[in-house]
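**Student:** my questions are about this predicted structure, shown below with the sequence.
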Amino acid sequence: MTATEIEQRITFEALAPHFNKMREWAAITILVPLTVVLVLWNQVDRVLLSGWCALVIAGIGTRYLLTAAYQKQDVVATNAEPWHRKLLMLQIYLGALWAIAVFLFADTESVPHQVFMITLALILGIGSISDGSHWLPLYYSYGMPIKGALMAHFISLGEVAWFALAMMVAFAILASYSFAKKLNSIVRSEMRLRFETADLADQLKQRSGELQTAIRAKSRTLATASHDFRQPLHALSLFFDALKGAGSPQEEQRILSRIDASLDAMRRMFDALFDMSRLDANIIQPEPVNFDIESFLLQLKEEFQEKAEQKDLSLRLHTRPAVVKADRTLLERIMRNLVANAIRYTRSGGILISARPRQDSVLVQVWDTGIGIPREAQGRIFVEFEQAHPSPHEDEREKGLGFGLAIVHKLCELMGLSLELRSTEDRGSVFSLTLPAGDPARIKRREAKASEPVWQASGHHILVIDDDRNVLNAMETLLKRWNFRVTAAASLPEALRQSPERPDLVLSDFSLEGSKNGVDVIGILRKRYGAELPGIIITGTTSSRQLREVEKSGLKMIHKPVSPARLRSLIQRQLTSTASAD
């Protein structure tokens, strides 16, 4: 609840009992002008007095009808303002009539009658302070005019005694104004504190519910992940056993290809988990640039063309030149997930990628003629491990892991993009993204992709630090096969004992035994050998805090399980950039 909404609710809650009081006391209120008529009947013009009394009773009656209607209507804080304005108008009307009465009826020859009117005016003026405690405008519109009229009347009489009385009334006006304001402030402060406390309690209850939901979701995610991770592991154990009894090189090659498929499936699942962790850790920050959406989508189409043809699907692109402003890398990940999903769940027909410029945006859509998404599943497909349908592919590489749309949803939220889904079961789906239009004058041309540096491992010394001996031995074997000189150690002291010379590159696991992690270790080595020493963190952590620590260090990071091709490329780029700097 915003501050404005709280103030609105305070006014509503303060005036609600006032409406009740006005309705209940209407009959007694009418006695006041009738008493004035009775007392002054022989002292002032009777026609004038009767007319004034009729107008006052009409105002009181109208106020009664207003308060009665208020009780019958379903008035809440959001629609109460018109009722408050009507009540205020009636208060102004009645206050003006009583102010007129002071001028018309207080100037009589009878002293007792003068005292009666003066006393009545003061009682009405001071008594309205209670109205001001509910809402200050009620006091300003009723009590202040009456006392102001009394002061003006005293001044008009022109005598010193009356002028002194006028000054006393003026002092009473100031004092009552200050008192009414302070009383109103106390009442509203107490009510504000009560509403803010209630609002905090509601927020706490909501957060508690969200926490319980998150705990249940995490438990469900862990259970599902446990099952999904077991599948390729189970396949690997069977394939390795089958490999031992392979009867021919061809059979060995077939089994090895299936082993590679299972490993790739596990790697993709870990990569997806890592992506989700990085998004949850808020270490991915969008960097919007202006670029041409037509050429962007054309590259995307070319990337997926072969996959679509393998399933006898058409992959078409319908777009016009348009400039958008968005993070190109993150948008690529969003679109790749959407197109890959469309191909995965489409059995026949095809996929259409389109972009349509609008007034200040560009609508990008991915259409498919696939199996569609049931209405009841359309809300949960953006949650991790949730799938509307099981993946229709037997090939481990093509199986959906239940992360793609969750990543799409989180990336869209991160970039502030609108993501919409329309789907009909057995007919297809369309995902729509609304991108902000860019400035053609500021379009950023992508540099041609640099050619992969020539592989030159000869003579380079790599220090590998990992407290898991199996991982350490595997990494040492792989790097030596790539013709690197390798120092493999489980800790920094062990590494320095084995080879005190400066390495060309450090590969370190993040989680190490003892109080130092991989970032700390590389930091110590940089102090020893120079800040330009390149380092790569290899980690299996999904902890938000640890991921932020690696990101803050500026070190390159690669997530387990490591793809040898990706590791080799990263090593070569680190060594090449260091050589260029030298």
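**Tutor:** Right, received. Where do you want to start?
**Student:** now do residue 176, the pLDDT please.
**Tutor:** If you check residue 176, the pLDDT there is 85.
**Student:** gap between it and residue 29?
**Tutor:** For residue 176, the distance to residue 29 equals 20 Å [CB to CB, to the nearest Å]. (C-beta placed from N, C-alpha, C; glycine too.)
**Student:** again, but for residue 259
**Tutor:** As judged by CB to CB, residue 259 and residue 29 stand 93 Å apart.
**Student:** same thing with residue 375?
**Tutor:** Separation of residue 375 from residue 29 (CB to CB) stands at 60 Å.
**Student:** ok, residue 122 next?
**Tutor:** From residue 122 to residue 29 the distance is 18 Å (CB to CB).
**Student:** buried ones in stretch 44-64?
**Tutor:** Judged by neighbour count using 16 or more other CB atoms under 10 Å, the buried positions of stretch 44-64 are 44, 49, 52-53, 55-56, 59-60, 63-64.
**Student:** oh, I was asking about stretch 483-495
**Tutor:** Neighbour-count burial for stretch 483-495 flags 484-492, 495 (criterion: 16+ other CB under 10 Å).
**Student:** cool, and stretch 320-335?
**Tutor:** Within stretch 320-335, the residues scored as buried using 16+ other CB under 10 Å are 322-328, 330-331, 333-335.
**Student:** residues in contact with it?
**Tutor:** Stretch 320-335 has contacts (CB atoms under 8 Å, 6 or more residues apart in numbering) with 275, 284, 286-294, 296-297, 300, 353, 355-357, 362, 364, 366, 407-408, 411-412, 414-415, 417, 433, 435-440, 443, 446.
**Student:** 6 Å instead?
**Tutor:** With CB atoms under 6 Å, 6 or more residues apart in numbering as the contact definition, stretch 320-335 has outside contacts at 286-288, 290-294, 300, 357, 362, 408, 411, 435-436, 438, 440, 443.
**Student:** neighbour count winner among residue 176 and residue 29?
**Tutor:** Applying other CB atoms under 10 Å to residue 176 and residue 29 shows that residue 176 carries more neighbours, namely 20 against 17.
**Student:** that one: what's it in contact with?
**Tutor:** Counting by CB under 6 Å, 6+ apart, residue 176 touches 126, 129.
**Student:** secondary structure element holding it?
**Tutor:** Using DSSP states H and E, residue 176 sits in helix 160-244.
**Student:** can you tell me the element residue 365 falls in?
**Tutor:** Under the criterion of DSSP H and E, residue 365 resides in strand 361-368.
**Student:** before we move on, back to that, for residue 463, state which of the buried residues of stretch 44-64 is nearest.
**Tutor:** For the buried residues of stretch 44-64, the minimum distance to residue 463 (CB to CB) is 88.2 Å, reached by residue 63.
**Student:** for that closest one, give me the pLDDT.
**Tutor:** Predicted confidence (pLDDT) for residue 63: 89.
**Student:** show me what counts as buried in the helix or strand containing residue 474.
**Tutor:** Using DSSP H and E, residue 474 maps to helix 469-481. The neighbour-count check on helix 469-481 (16+ other CB under 10 Å) flags 471-472, 475-476, 478-479 as buried.
**Student:** and stretch 80-92, by the same measure?
**Tutor:** By 16+ other CB under 10 Å, the buried positions in stretch 80-92 come out as 80, 83-84, 87-88, 90-92.
**Student:** which of these fall in helices?
**Tutor:** Of these, the ones assigned to helices by DSSP state H are 83-84, 87-88, 90-92.
**Student:** lowest-confidence helix or strand of this structure?
**Tutor:** Least confident helix or strand, the chain: helix 249-280 with a mean of 74, by mean pLDDT, DSSP states H and E.
**Student:** what's the domain layout of the protein?
**Tutor:** The chain breaks down by automatic domain parsing into domains covering 3-203, 289-442, 461-581.
**Student:** how long is the longest one end to end?
**Tutor:** By CA to CA, to the nearest Å, the extent of domain 3-203 from end to end equals 15 Å.
**Student:** picking that back up, got the ones in helices among the buried residues of stretch 80-92 as CSV, with distance to residue 35 columns?
**Tutor:** Listed next are those as CSV, based on distance: CB to CB, whole Å:
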residue, distance to residue 35
83, 30
84, 30
87, 24
88, 26
90, 21
91, 20
92, 23
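**Student:** closest to residue 532 out of these?
**Tutor:** Nearest member of those to residue 532, counting by CB to CB, is residue 84, at 70.9 Å.
**Student:** pull the CA atoms of stretch 284-295 into PDB?
**Tutor:** Output of stretch 284-295 as PDB, limited to C-alpha atoms (Å, rounded to 0.1, in the frame of the first residue of the first chain):
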ATOM      1  CA  ILE A 284      23.700 -10.700 -15.600                       C
ATOM      2  CA  GLN A 285      23.200  -7.100 -16.500                       C
ATOM      3  CA  PRO A 286      21.600  -6.100 -19.900                       C
ATOM      4  CA  GLU A 287      23.700  -3.900 -22.200                       C
ATOM      5  CA  PRO A 288      21.200  -2.500 -24.800                       C
ATOM      6  CA  VAL A 289      22.500  -1.500 -28.200                       C
ATOM      7  CA  ASN A 290      20.900  -0.400 -31.400                       C
ATOM      8  CA  PHE A 291      20.900  -3.100 -34.100                       C
ATOM      9  CA  ASP A 292      19.000  -4.200 -37.200                       C
ATOM     10  CA  ILE A 293      16.500  -6.900 -36.300                       C
ATOM     11  CA  GLU A 294      16.200  -8.200 -39.900                       C
ATOM     12  CA  SER A 295      19.900  -9.300 -40.100                       C
END
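**Student:** from residue 407, how far out is the residue nearest in space to the middle of the chain?
**Tutor:** By CA atoms, centre = their mean, the chain has its centre lying nearest to residue 413, at 8.1 Å. Distance of residue 413 to residue 407, computed by CB to CB: 11 Å.
**Student:** and if you look at residue 187?
**Tutor:** As for residue 187, its distance to residue 407 is 52 Å (criterion: CB to CB).
**Student:** go on, residue 285?
**Tutor:** 16 Å.
**Student:** those two: which is more packed in?
**Tutor:** residue 407 (20 against 9).
**Student:** where does the more buried one land in three-state SS?
**Tutor:** Assigned state for residue 407: helix (three-state reduction, DSSP: H, G, I helix; E, B strand; the rest coil).
**Student:** kindly format the C-alpha coordinates of stretch 342-349 as PDB.
**Tutor:** Extracted in PDB, the C-alpha atoms of stretch 342-349 (Å, rounded to 0.1, in the frame of the first residue of the first chain):
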ATOM      1  CA  ALA A 342       9.200 -24.700 -31.700                       C
ATOM      2  CA  ILE A 343      11.200 -27.200 -33.700                       C
ATOM      3  CA  ARG A 344      11.300 -29.700 -30.800                       C
ATOM      4  CA  TYR A 345       7.500 -29.800 -30.400                       C
ATOM      5  CA  THR A 346       6.400 -29.500 -34.100                       C
ATOM      6  CA  ARG A 347       5.800 -32.800 -35.900                       C
ATOM      7  CA  SER A 348       4.700 -31.400 -39.200                       C
ATOM      8  CA  GLY A 349       4.200 -28.100 -40.900                       C
END
